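> I would like to see how this sequence folds:
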Amino acid sequence: MTGRVVRADWPALGTTATVLVADPRRLRAARREVERVLDDIDFACSRFRADAELVRVNARAGRPTEVGRLLFEAVEVALRAAALTDGAVDPTVGMALRRAGHDAAFGALGAGAPARITRASWRDVELDLARRRIAVPAGVQLDLGATAKALAADRAATRAAGSAGGAGVLVSLGGDIAVAGAPPPGGWGVRVAEDHRADASAPGQVVAIRAGGLATSSTTVRTWSPGRHHIIDPASERPAAGPWRTVSVAAASCVDANIASTRAIVRGATALPWLRERRLPARLVHRDGSVVTVAGWPAAVAEDAA
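Residues are numbered from 1 along each chain as shown. Model prediction:
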């Protein structure tokens, strides 16, 4: 292995997919594995393509629907997120997202939807493991946006590292990052900013990760009018209105990092003690632009200039 890091970027899931490999000879194979994972996730979990499994589950709300293994796993992950956050990250907010204007392909925006019919929550989603069936309550639509992309990053990094003979691999899906294999010397340098598309002139910080995942949740990226964004507070069924505009978290997996960063946005007032208690390194940007770090996140002296 040469130790030189190479990369590929391409549009996927309504955002940008990036794969970095610490062995130039393995990039093509790694990208191929990432593309396969993303195709599978899109077919299973998209709320916006007519042939997706999740669309069929939502269309059959009130009745059990047999699904593939990947969608079943993705819904299990989403319900685990809800349980870990006491409902702050709830996959049954699909209708609320549509009302907020998020009603097109990942990251695109639409015109809204009629009022929700029922107050059913994640606790009312029924999973039948033996028959691999999912039953969504009538009047409810699942949305897996808070966890499915992160799950894809974790799966893609693992698969890509396998195809790369154990060489280090980093996969980023719109800023949801997972790494696998042997990292390059010093780890993977990742620039954390409010928008993963931002260049070096935007405020941010470079950190190094060697394992697990890193995720950033922000109310400033997928927005279409003041106060309207894609992170829904299940309690109000409206876009979250807490004190934090952006939260980045490092964890053992990208899924766990995304669960924590989304929970911090939704339950803003309790974010700091919750993250400290779980020893999750995090960087939180207040609405006024000030930055707070907890649980061992690198010191603020590494902040870039605006």
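
> for the protein, which helix is longest?
The longest helix of the chain (DSSP state H) is helix 27-45.

> what's that one packed up against?
strand 6-12, strand 15-21, helix 53-59, helix 69-84, helix 148-163, strand 169-173 (3 or more C-beta pairs under 8 Å, 6 or more residues apart in numbering; DSSP states H and E). Every residue, glycine included, has its C-beta placed from N, CA and C.

> the last one: how far from the chain's middle?
Strand 169-173 has its C-alpha centroid displaced from the chain centroid by 13 Å (C-alpha atoms, centre = their mean, to the nearest Å).

> so what are the sheet partners of that strand and their directions?
When pairing is defined by DSSP bridges, strand 169-173 lines up against strand 15-21 (antiparallel), strand 176-180 (antiparallel).

> pull the residues that contact the longest one.
Applying C-beta atoms under 8 Å, 6 or more residues apart in numbering, the external contacts of strand 15-21 come out as 5-11, 27, 30-31, 34-35, 38, 106-107, 149, 156, 160, 164, 167-174, 188, 196-197.

> would you list the buried entries among the residues you listed?
Neighbour-count burial (16 or more other C-beta atoms under 10 Å) applied to the contacts of strand 15-21 gives 5-6, 27, 30-31, 34-35, 38, 106, 149, 156, 160, 164, 167-174, 188, 196.

> Gly213: what's it in contact with?
150, 153-154, 176-179, 250-258.

> an error on my part: the question was meant for Thr158.
178, 180.

> 302 is where my numbering starts, stick with that
Yep, numbering from 302; the last one is Thr459 now.

> any idea how far it is from Leu471?
12 Å (C-beta to C-beta, to the nearest Å).

> intersection of neighbour lists for these two?
Shared contacts of Thr459 and Leu471 (C-beta under 8 Å, 6+ apart): Ala479.

> which regions of this protein sit below the pLDDT cut-off?
Within the chain, the stretches with pLDDT under 70 are 302-304, 397-420, 496-503, 522-531, 536-537, 600-607.

> can you rerun that using 50?
302, 403, 405-419, 524-530, 601-607 (pLDDT under 50).

> centre-most residue in it?
The chain has Ala451 as the residue nearest its centroid, 4.1 Å off, counting by C-alpha atoms, centre = their mean.

> contacting residues for that one?
Counting by C-beta under 8 Å, 6+ apart, Ala451 makes contact with 474, 477, 479, 514, 516, 554-556, 558-560.

> now, which of the contacts of Gly514 sits nearest Asp343?
Of all the contacts of Gly514, Ala454 has the smallest distance to Asp343: 13.5 Å, by C-beta to C-beta.

> was I right to think that closest one contacts Val472?
Yes. Here Ala454 reaches Val472: they are 5.1 Å apart, a contact under C-beta atoms under 8 Å.

> identify the contacts common to these two.
478-479.

> of all the contacts of Ala451, which two lie farthest apart?
Leu474 and Ile560, at 15.5 Å, using C-beta to C-beta across the contacts of Ala451.

> Val491 belongs to a helix?
No. Applying DSSP: H, G, I helix; E, B strand; the rest coil, one finds Val491 to be strand, outside a helix.

> burial of it, as a residue count?
22 (other C-beta atoms under 10 Å).

> what do you get for the one 3 residues further on?
Residues lying near Ala494 (other C-beta under 10 Å) number 21.

> any idea how far Arg327 is from the residue lying closest to it once chain neighbours are set aside?
Distance criterion C-beta to C-beta, 6 or more residues apart in numbering; nearest residue to Ala494, sequence neighbours excluded, is Gly505 at 3.4 Å. In this structure, Gly505 and Arg327 are 29 Å apart, going by C-beta to C-beta.

> the longest helix of the chain vs helix 449-464, what angle?
150 degrees (axes from the mean of the first three to the mean of the last three C-alpha atoms, to 10 degrees).

> for helix 328-346, the distance to its chain's centre please.
Chain-centre distance of helix 328-346: 16 Å, with C-alpha atoms, centre = their mean.

> taking helix 370-385 as reference, get the angle to that helix.
On the basis of the same axes, to 10 degrees, helix 328-346 is oriented at 70 degrees to helix 370-385.

> could you check the angle strand 307-313 makes with helix 328-346?
Going by the same axes, to 10 degrees, helix 328-346 makes 30 degrees with strand 307-313.

> following the helix or strand where Val556 lies in sequence, what is the next regular element?
Assessed by DSSP states H and E, Val556 sits inside helix 555-567. Where DSSP H and E defines the elements, the next helix or strand beyond helix 555-567 is helix 572-578.
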